[in-house]
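A.B. asks: Build me a model from this:
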Amino acid sequence: MRDLVEIGMGRTAMRGYDLEDVEIVPSRRTRSSKDVSLSWQIDAYRLDIPLVTHPTDAVVSPATAIRIGELGGLGVLNAEGLWARHENVEGELNQIVRVAEEGEGPEAAIAMLQQLHSAPVRTDLLTEAIKQIKDSGVTVAARVSPQHAEELTPTLLAAGVEVLMVQGTIVSAEHVSRDGDPLNLKQFIGDLDVPVIAGGVGDYRTAMHLMRTGAAGVIVGFGQSRSATTTQTLGIGVPMATAVADAAAARRDYLDETGGRYVHVIADGGLSYSGDIAKSIACGADAVMLGEPLTETSEAPGHGYYWTAAAAHPNLPRSEIVGFNSAGVDLETLLFGPSSDPYGTLNLFGALRRAMAKTGYSELKEFQKVGLMLCR
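C.D. replies: Next up is the predicted model:
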């Protein structure tokens, strides 16, 4: 029975825990990190590390999507971002950074981003960006919002997209609308020949509903980071340790319900350090979605600035444009080291490998069973 806390007369709230509230408990066994595998597979696509990039123009260009793929992760291009709307994206990003750096206030940079996103999506530019990734030989993934999924997906599939992500701040299997026909996610997924990752969600019931639509993966969380302002603007948040564990429970029950269909759980939010990645897997995630930690690499198109796709919403942006002190490292060093940083901000997946070795696990699915302790 979930712990309920009375917050006032006649009103209760469920207790939830963030990643910082739990710690991984070592077991009686350890092993060499050389014997640890970080690989996982979604549908027919095998990946060497459990990394999916947050689909924001701040960290994912066609070039960085390619590089992430070469390093073993899955780079996800935002099909409604600047690469689908403008020819000189580098110049547009430089303008955003310039406005942010000149101290005109966060509203000025957001307003510029909104203006740039008011330009229509051009199928020729979108096709060109996807083709660039496709020609490199890595797995091609792109993100669409639920509102534009049906409109853009044919173009994406024709261009060569192999994994489709349907992502919004909150995505449900049931959407009620007075204006027009909402996206029927189950029918939409059933008509496609490519795996679909959908989300975000924050509880067992919604995760189960998305799994029943036929999604190959479910995103847990709403991209919580220094830049995200969903809690401030909507009052909606999710304690990631609890949310991931609940989604993992839904995955287990759905596996029993279907007689063996496994849906991947991808943690998105509250991931600042390598230890957060390890804790997410320990709570039940199959992979993590990283955005903000990738900002500080030399390849990041945002030049040290980060924002989520929700920053460009025309009426209610839910992300700031936040600057970071660029570490000047390349993606390979960020992911695999070597690192001189003792705080878990570099060599992210080398640290995950070491955490698994120190607790005696050699596979990601095994590590999901590691002991956890509540530390508050």
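
A.B. asks: contacts, neighbours, all on C-alpha from now
C.D. replies: Noted.

A.B. asks: where does the stretch 201-350 of the chain dip in pLDDT?
C.D. replies: 325-327 (pLDDT under 70).

A.B. asks: Go ahead and name everything in contact with whichever strand or helix holds residue 373.
C.D. replies: Using DSSP states H and E, residue 373 maps to strand 371-374. For strand 371-374, the surrounding residues in contact (Cα atoms under 8 Å, 6 or more residues apart in numbering) are 21, 22, 23, 24, 25, 26, 27, 282.

A.B. asks: ok, now which ones touch residue 85?
C.D. replies: 116, 117, 119, 120, 121, 122, 125, 126.

A.B. asks: ok, what's across the strand from residue 46?
C.D. replies: Taking DSSP bridges, one finds residue 41 as the beta-bridge partners of residue 46.

A.B. asks: And for it, the neighbour number?
C.D. replies: Neighbourhood size, residue 46 [other Cα atoms under 10 Å]: 14.

A.B. asks: One more: residue 51?
C.D. replies: By other Cα under 10 Å, the residues close to residue 51 number 27.

A.B. asks: For residue 335, see how far away it is.
C.D. replies: Applying Cα to Cα, to the nearest Å, the value for residue 51 to residue 335 is 10 Å.

A.B. asks: out of the contacts of residue 85, who's nearest residue 42?
C.D. replies: Nearest to residue 42 among the contacts of residue 85, counting by Cα to Cα, is residue 126 at 24.1 Å.

A.B. asks: ok, then the element right after the one helix or strand the closest one maps to?
C.D. replies: Using DSSP H and E, residue 126 sits in helix 123-136. Downstream of helix 123-136, the next assigned helix or strand under DSSP H and E is strand 141-144.

A.B. asks: strands paired with that next one, and their directions?
C.D. replies: Strand 141-144 has these strand partners (DSSP bridges): strand 76-78 (parallel), strand 163-167 (parallel).

A.B. asks: Would you mark the buried spots in the helix or strand that it is followed by?
C.D. replies: Toward the C-terminus, strand 141-144 is succeeded by helix 149-159 as the next helix or strand (DSSP H and E). Buried residues in helix 149-159, counted by 16 or more other Cα atoms under 10 Å: 149, 152, 153, 155, 156, 157, 159.

A.B. asks: pLDDT added to these, as TSV?
C.D. replies: Formatted as TSV, these follow (pLDDT from 0 to 100):
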residue	pLDDT
149	93
152	97
153	97
155	97
156	98
157	97
159	97
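
A.B. asks: So what touches the lengthiest helix in the chain?
C.D. replies: As assigned by DSSP state H, the longest helix anywhere in the chain is helix 240-258. Under the criterion Cα under 8 Å, 6+ apart, residues 16-19, 21-22, 202-205, 207-208, 211-212, 220-221, 261-265, 267, 269-270, 279-280, 283-285 lie in contact with helix 240-258.

A.B. asks: For PyMOL, write a command that selects the buried ones of these.
C.D. replies: Restricted to buried positions by 16+ other Cα under 10 Å, the PyMOL selection for the contacts of helix 240-258 reads:
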select buried, resi 18+19+22+202+203+204+207+208+211+212+220+221+262+263+264+265+267+269+270+279+280+283+284+285
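
A.B. asks: gap between stretch 120-140 and the chain center?
C.D. replies: 20 Å (Cα atoms, centre = their mean, to the nearest Å).

A.B. asks: just stretch 263-272 next, same as before
C.D. replies: Centroid separation for stretch 263-272 versus its chain: 6 Å, with Cα atoms, centre = their mean.
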